[in-house]
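1. Sequence and computational prediction follow.
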Amino acid sequence: MNLAQQDIKYLPGVGEKKGEILKQELEIRSFEDLLYYFPYKYIDRSRMHRVSEINADMMYVQLKGRILSFETQGEGMSKRLTARFTDGTGVIELVWFKGLKFITGKYLLNTEYLVFGKPNIFNNKINLPHPDVDVYDEAVEKQAGALQAFYNTTEKMKNHFLNSRMIQKLVYNLFTCIKEPFTETLTPQIINRAKVISLNEALYHIHFPKSQDLLKKAEYRLKLEELFFIQLNILRYSKLNSRKLGGFVFSKIGDYFNNFYHKNLPFELTNAQKRVLKEIRENVRTGHQMNRLVQGDVGSGKTLVAFMSMLMAIDNGYQACMMAPTEILATQHYETVHKLSEGLGINVVLLTGSSKKAHREKVHQQLLTGDIHIIIGTHALLEDIVQFDNLGMSVIDEQHRFGVAQRARLWAKNKRPPHVLVMTATPIPRTLAMTLYGDLDVSVIDELPPGRKPIQTLHQYDNRRGTLYTSMRKQLEQGRQVYIVYPLIQESEKADWKNLEEGFEHIREVFPEYNVCMVHGKLKAKEKDAAMQLFVSGEAHIMVATTVIEVGVNVPNASVMVIESAERFGLSQLHQLRGRVGRGADQSYCVLVTSHKLSEVTRKRMEIMVGTNDGFEIAEADLKLRGPGDLEGTQQSGDPFNLKIANLVHDGQVLQLARDIASEIINEDPELKSPSNQALKNQLDKLFRKKVDWSLIS
Ligand code: ADP
Ligand code: MG
């Protein structure tokens, strides 16, 4: 029987009407859809309670007995229906406040029911409000075993008798009418390698687990399968693509690189930087186009890695570009790269929205003739008029600020797509990165340059500003600089606005002997740069700002970051902001200022920030507190795979295994042509009928 082709309405117990509702409400169209509609929780129901033992502290009770009578009480809004229920040890009231008409018609006297609910006290009496009431069905009960599965249902479904119990009954019916086993989707090798149970067993135990242990095994198997096919699909396309597209071969390390390394390198590379450079080197010499995500915590030295990768391109006769999301950042990169390449004979230029026309035209010209080796800029680089002689390497800094489409435009700047290096300080948790960017190779710079003192983070309530100002003054007296950041979620929000301006005035009053500058998104690019420049040069001692300073700015002399209304920022954002200090050799501080009225979650978030400087740990914690959909920079993507059972937050290990296995298979048999992989190919084709090219989504 082909389960995917069996219309759900033909399942015993369903029919036209219910079939229609299942389709509308849960998109369950076929037998198979129902089979893959997994329970959302399980409750140990091996225990049958007695009415006589019920107290209001119990989380839930399960009773078996009969309804003695119905009674309607009250009028209008307070109208309610009460059923007196007994199991022989006592009587308890089941109460409904909604759907009364429906319930009176539905339940009968003198029928054996299973009742499940949470005890509640009302008028000094214990009752069960809105309990699950089901006809006691010995067969299903036996099948269900000790753990009762619960299925999500909608209001509309409940109104048509399609509650969780009923779904379970339907699944039971389904198992009864399927005589042959389900077609296994994984190969015997994978089943062996991953040590998972068969699909047959897994599907059965996920609906009717006889024990916790079997449930765990079933979940594990189904999670692995789900993640495996996603990974296999991603890898299949990216493999095909890179073979199809091909990449420029940077066969040698030449003079530019070597001269820089021996003459200009300002410090010893960290081991992590060396490792990542090696990974990049291996990548660009193969003839496959590189698509690599470099994750490195703020201050880990990504710029240097990017620069040295660009040198590899230049050594092989190609040009390189580097794109940053803001003018300030692009300018800073330009200055850094300019300095690093002193005396190497490399022509580096900057191109941003505010570049003068004459400069612009000259740059466009020189890019075409190949006179420019490295161009650094903002979105201005994406314009069609920006064309290269031979672009071989594109670096994109702070990738989460750029949209997918924008990044794709960089691909089109040469006949073959250039190698792409995407750098981010927003630590996307590994699990998420692998799922979202499965096609991207990931390099991690997991080490800070030596000599950095970890930033000390403090959490302070906003009614204790005195202490805060005293510590700020101490730092200022030592010649250090201070950032004060205000949230401005919408730059137009009036209240936020007032905060920032008042904060600015206030700080000027408190610190009259120091220069205070202000930077925010409403300023024109020029004004913003001018204010930033005041701070960078050290003329301004305190900078009051919104999150415009979040990305990449490097002022090593700044040692204090004060974040006002810290509760209004996401954890990853707080971490980014904190990363603006601690860039020199001095001890730096980050002060999170919040109101003292905090929710439990917010308090936890502050504790996490105070407790760790590790961006990856913070991102994982953030993901746990907020769920993947809210993760900064990934809002557009959320959970693009519509996962049924695997969880991006908790199932990192399963994902890793799935990825490894998929990768082994694709390496051996890129197009899944071998007969032993036929089943996998069939399943892939079935799952991903829409041929989405995931490898282009980066
Ligand atoms: P990010 O990874 O946040 O972009 P940057 O590339 O801006 O970090 O580097 C932060 C600072 O660390 C810069 O001042 C840079 O010169 C310095 N730096 C980078 N690599 C090293 C190293 N290996 N040893 C010492 N300092 C380094
Ligand atoms: Mg950077």
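-> Ah, there it is. Ligands and ions are numbered 1, 2, ... in the order given.

2. so what's the residue in the stretch 1-150 of the chain that ligand 1 sits nearest to closest to, chain neighbours aside?
-> Closest approach between the stretch 1-150 of the chain and ligand 1, counting by C-beta to the nearest ligand atom: Tyr40, at 41.0 Å. Every residue, glycine included, has its C-beta placed from N, CA and C. Nearest residue to Tyr40, sequence neighbours excluded (C-beta to C-beta, 6 or more residues apart in numbering): Asn152, at 5.2 Å.

3. next one: Thr594
-> Glu567 (4.6 Å).

4. tell me the contacts of the one you found?
-> Residues near Glu567 by C-beta atoms under 8 Å, 6 or more residues apart in numbering: Thr594, Ser595, Leu598, Thr602, Arg605, Met606.

5. how about Gln295, secondary structure?
-> strand (DSSP: H, G, I helix; E, B strand; the rest coil).

6. just to revisit the earlier point, and the residue nearest to Tyr40, how many residues sit next to it?
-> Applying other C-beta atoms under 10 Å, we find 14 residues neighbouring Asn152.

7. With Leu108 instead?
-> Counted with other C-beta under 10 Å, residues neighbouring Leu108 total 10.

8. Then Glu383?
-> As a burial measure, Glu383 scores 14 neighbours (other C-beta under 10 Å).

9. how near is it to ligand 1?
-> 25 Å (C-beta to the nearest ligand atom, to the nearest Å).

10. same question, Arg508
-> Between Arg508 and ligand 1 the distance, using C-beta to the nearest ligand atom, works out to 30 Å.

11. The residue of the stretch 351-500 of the chain found nearest ligand 1: what's it in contact with?
-> Here the stretch 351-500 of the chain gets closest to ligand 1 at one residue, Pro449, 3.2 Å apart by C-beta to the nearest ligand atom. When contacts are counted by C-beta under 8 Å, 6+ apart, Pro449 touches Phe267, Thr270, Gly299, Ser300, Gly301.

12. now with 6 Å?
-> Thr270, Gly301 (C-beta atoms under 6 Å, 6 or more residues apart in numbering).

13. So for the residue of the stretch 1-150 of the chain closest to ligand 1, what pLDDT did the model give?
-> Looking at Tyr40, its pLDDT stands at 85.

14. I'd like the distance between it and Asp529.
-> Here Tyr40 is placed at a distance of 52 Å from Asp529 (C-beta to C-beta, to the nearest Å).

15. higher neighbour count, these two?
-> Asp529 (19 against 10).

16. Test my guess that Asn316 contacts Phe248.
-> No: the pair Asn316 / Phe248 is not scored as a contact, 7.4 Å apart, by C-beta atoms under 6 Å.

17. ok so, going back, ok, the residue of the stretch 351-500 of the chain closest to ligand 1 to Ile661 distance?
-> Pro449 is 37 Å from Ile661, by C-beta to C-beta.

18. got it, and Thr352?
-> According to C-beta to C-beta, Thr352 stands 46 Å off from Ile661.

19. same check, this time on Asp441
-> As judged by C-beta to C-beta, Asp441 and Ile661 stand 17 Å apart.

20. Specify which residue of these two has the higher count of neighbours.
-> Taking other C-beta under 10 Å, Asp441 and Ile661 do not tie; Ile661 has more neighbours (21 against 16).

21. For burial, what's the neighbour tally of Lys18?
-> 19.

22. Please confirm that it is located within a helix.
-> Yes: judged by three-state DSSP, Lys18 forms part of a helix.

23. quick one: buried residues of the longest helix along the chain?
-> Secondary structure of the chain per DSSP state H: the longest helix is helix 212-245. Buried residues in helix 212-245, counted by 16 or more other C-beta atoms under 10 Å: 214-215, 217-239, 241-242.

24. got the residues of the stretch 301-450 of the chain near ligand 1?
-> Within the stretch 301-450 of the chain, the positions lying close to ligand 1 (C-beta under 6 Å from any ligand atom) are Gly301, Lys302, Thr303, Leu304, Ala425, Pro449.

25. Tell me the first helix or strand C-terminal of the longest helix of the chain.
-> Note on helix 212-245: by DSSP states H and E, the next helix or strand toward the C-terminus is helix 255-259.

26. next helix or strand past that following helix?
-> helix 271-284.

27. buried residues in that next one?
-> If you call a residue buried by 16+ other C-beta under 10 Å, then helix 271-284 has these buried ones: Ala272, Gln273, Arg275, Val276, Leu277, Glu279, Ile280, Asn283, Val284.

28. now swap in stretch 194-213 and tell me
-> 194, 196-199, 202-209.

29. Can you tell me which of those is closest to ligand 1?
-> Of the buried residues of stretch 194-213, the one sitting nearest to ligand 1 (C-beta to the nearest ligand atom) turns out to be Ala194, at 36.4 Å.

30. which residues does that closest one contact?
-> Neighbours of Ala194 in contact, by C-beta under 6 Å, 6+ apart: Leu224.

31. What about ligand 1: which of the buried residues of helix 271-284 touch it?
-> When contact is defined as C-beta under 6 Å from any ligand atom, those meet ligand 1 at Gln273.

32. Return the member of the buried residues of helix 271-284 nearest to Met543.
-> Gln273 (29.3 Å; C-beta to C-beta).

33. quick one: pLDDT of the closest one?
-> pLDDT, Gln273: 97.

34. Equivalent analysis for the one 4 residues further on, please.
-> For Leu277, the model assigns a pLDDT of 97.

35. Kindly report the same for Thr431.
-> 59.

36. just Gly627 next, same as before
-> For Gly627, the predicted pLDDT is 56.

37. repeat for Arg452
-> For Arg452, the predicted pLDDT is 80.

38. what's the distance between the residue nearest to Tyr40 and ligand 1?
-> Taken as C-beta to the nearest ligand atom, the span from Asn152 to ligand 1 is 43 Å.

39. residue ranges with poor pLDDT in the stretch 1-150 of the chain?
-> Where the stretch 1-150 of the chain drops to pLDDT under 70, the residues are 139-145.

40. in it, which spans are strands?
-> For the stretch 1-150 of the chain, the strands defined by DSSP state E, counting those that start in this stretch occupy 41-44, 61-73, 80-86, 91-96, 113-117, 120-122, 125-129, 132-135, 147-150.

41. Could I get the CA-only coordinates of the third one as PDB?
-> Backbone C-alpha positions of strand 80-86 (Å, rounded to 0.1, in the frame of the first residue of the first chain) are rendered in PDB as follows:
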ATOM      1  CA  ARG A  80     -21.700  26.400  33.300                       C
ATOM      2  CA  LEU A  81     -22.300  22.700  32.900                       C
ATOM      3  CA  THR A  82     -21.500  20.300  35.700                       C
ATOM      4  CA  ALA A  83     -21.400  16.500  35.400                       C
ATOM      5  CA  ARG A  84     -21.300  14.400  38.600                       C
ATOM      6  CA  PHE A  85     -18.800  11.600  38.000                       C
ATOM      7  CA  THR A  86     -18.000   8.500  40.100                       C
END
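
42. what angle do it and strand 113-117 make?
-> Between the axes of strand 80-86 and strand 113-117, defined by axes from the mean of the first three to the mean of the last three C-alpha atoms, to 10 degrees, the angle is 120 degrees.

43. what lines up beside strand 80-86 in the sheet?
-> Partners of strand 80-86 in the sheet, by DSSP bridges, are strand 61-73 (antiparallel), strand 91-96 (antiparallel).

44. Deepest in the core, which of those is it.
-> Per-stretch averages of neighbours, counted by mean count of other C-beta atoms under 10 Å, single out strand 91-96 among these, with a mean of 20.

45. Residues in contact with that strand: which ones?
-> The contact list for strand 91-96 (C-beta under 6 Å, 6+ apart) reads 51, 80-85, 103, 127-131.

46. again, only this time at 8 Å
-> Against strand 91-96 from outside (C-beta under 8 Å, 6+ apart): 51, 54, 63, 67-68, 80-86, 103, 115, 117, 122, 125-131, 133.

47. same deal with stretch 573-581?
-> Residues outside stretch 573-581 that contact it (C-beta under 8 Å, 6+ apart): 297-299, 425-427, 455, 457, 483, 485, 547, 549-551, 553, 555, 558-561, 563, 566, 569, 588-590, 592, 609, 613, 615, 618-619, 632.

48. let's see it at 7 Å
-> Stretch 573-581 is contacted by residues 298-299, 425-426, 455, 457, 483, 485, 547, 549-550, 553, 558-561, 563, 566, 588, 590, 592, 609, 615, 618, 632 when judged by C-beta atoms under 7 Å, 6 or more residues apart in numbering.
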